[in-house]
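Student: Whatever this is, show me its structure:
(3 chains)
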Amino acid sequence: MAKSKNYWLMKSEPDVFSIHDLAKSKSKTTFWDGVRNYQARNYMRDEMKKGDLVLFYHSNANPPGVAGTAVVCKESYPDFSAFDQNSKYFDAKSKKDEPRWFMVDIKLDKVFADVVTLPEIKEVASLKEMVLLNNSRLSVQPVRKKEFDTILKMAKQKS
DNA sequence: GCCAACGTTGGC
DNA sequence: GCCAACGTTGGC
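Tutor: Okay, the predicted model is just below:
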């Protein structure tokens, strides 16, 4: 029996790290450092599995929206930026022998020809229950398969 | 740049 | 354990 995949949405500010930065990264892969929210951490640490699919969301962007997809290619391990005093993500409370923050690696899947924008997502009745629309501040969040597929379809229709 | 929503911190 | 104060996120 094939194991079932989980679906996620991860937010990044394109001024900091956009999907195009991911496309330019070595092996089109990056580590998702800097998450300092317990709920988001728990999803990454406990539930994200290799092969899970991710909607790559541009927050604080014009327009905000889903810019493409990625795949989880390495399961959770300590976020080493928390140990680095020179990092803006440094957290003295995260110890190497007892890390507080975790991250995963993701690899680019597709860059959408056009961003599926937040206003477009808001217009779709079947997407009304997305965490994105109901807990706008959570930067790593689960997405239902149906929602993931709907957004892929919207991206295709635009291209 | 504003500000609503919400998570975190810390005094008590 | 409550909750006020504060900081951050993120849409607009």
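Student: Where do the helices of chain A begin and end?
Tutor: A:19-24, A:38-42, A:118-123, A:131-134, A:145-158 (DSSP state H).
Student: what would the ones you listed look like in TSV with distance to DNA strand C?
Tutor: Every residue, glycine included, has its C-beta placed from N, CA and C. Output for the helices of chain A, formatted as TSV (distance: least, CB to the nearest atom of the strand, whole Å):
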stretch	distance to DNA strand C
helix A:19-24	15
helix A:38-42	9
helix A:118-123	5
helix A:131-134	7
helix A:145-158	14
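Student: and chain A, which residues reach DNA strand B?
Tutor: A:37, A:38, A:39, A:135, A:136, A:137, A:138 (CB under 7 Å from any atom of the strand).
Student: Quick check: PyMOL command selecting the buried ones in those.
Tutor: Per 16 or more other CB atoms under 10 Å, the buried members of those correspond to this PyMOL selection:
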select buried, chain A and resi 138
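Student: ok so, going back, switch the helices of chain A over to a markdown table; also include mean pLDDT.
Tutor: What follows is these, written out as a markdown table (pLDDT from 0 to 100):
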| stretch | mean pLDDT |
| --- | --- |
| helix A:19-24 | 96 |
| helix A:38-42 | 95 |
| helix A:118-123 | 96 |
| helix A:131-134 | 94 |
| helix A:145-158 | 95 |
